[in-house]
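In: Just need the structure, nothing else, for what follows:
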Amino acid sequence: MKRTITDLDARRRLSELLEGVHDHGDEVTIERAGKPLAVVIPASRYAAMERNRQRFFDMIDAVHDRNRDLPEGVFQAEVDDALSNVRQRVPDHGSPT
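Out: Below is the predicted model of the structure:
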């Protein structure tokens, strides 16, 4: 379950928050003054995100290796196009950094 709580509530209910994340796969956004500070997610989801991030950079390296003789502008255009395609397929997850 996705939910949002204040930073003060997170401090008061940290044990409960962590239990929900671990046991039920909850995703909790912690806010201060209505602005997101952090998101607590299950460790398994974070590990999957890191694997995906590494695969993304591995793909960029492979494209770069295959196209090392291309002029820089052509390569950059291909990278920009690939990023655009990925972002269209993964809504609301931001850029892979």
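In: For the strand or helix carrying Q54, name the packing helices and strands.
Out: Counting by DSSP states H and E, the element that carries Q54 is helix 43-66. Using 3 or more C-beta pairs under 8 Å, 6 or more residues apart in numbering; DSSP states H and E as the contact criterion, the neighbours of helix 43-66 among helices and strands are helix 72-89. Glycine gets a C-beta too; all of them are placed from N, C-alpha and C.
In: helices or strands up against the helix it packs on?
Out: Using 3+ C-beta pairs under 8 Å, 6+ apart as the contact definition, the elements that helix 72-89 packs against are helix 43-66.
In: pLDDT wise, what is the spatially closest residue to V63 that is not a sequence neighbour at?
Out: Take V63 and drop its neighbours on the chain: the residue closest to it by C-beta to C-beta, 6 or more residues apart in numbering is E78, 6.6 Å away. Per-residue confidence (pLDDT) for E78: 80.
In: Run through the residues that contact E78.
Out: Neighbour list for E78: 63, 67, 70 [criterion: C-beta atoms under 8 Å, 6 or more residues apart in numbering].
In: Then L18?
Out: Contact analysis of L18 by C-beta under 8 Å, 6+ apart lists V40.
In: cool, L70 as well?
Out: E78.
In: Over to the one 5 residues further on?
Out: Residues counted as contacts of F75 (C-beta under 8 Å, 6+ apart) are 63-64, 67.
In: 10 Å instead?
Out: Under the criterion of C-beta atoms under 10 Å, 6 or more residues apart in numbering, the contact partners of F75 comprise 63-64, 67-69.
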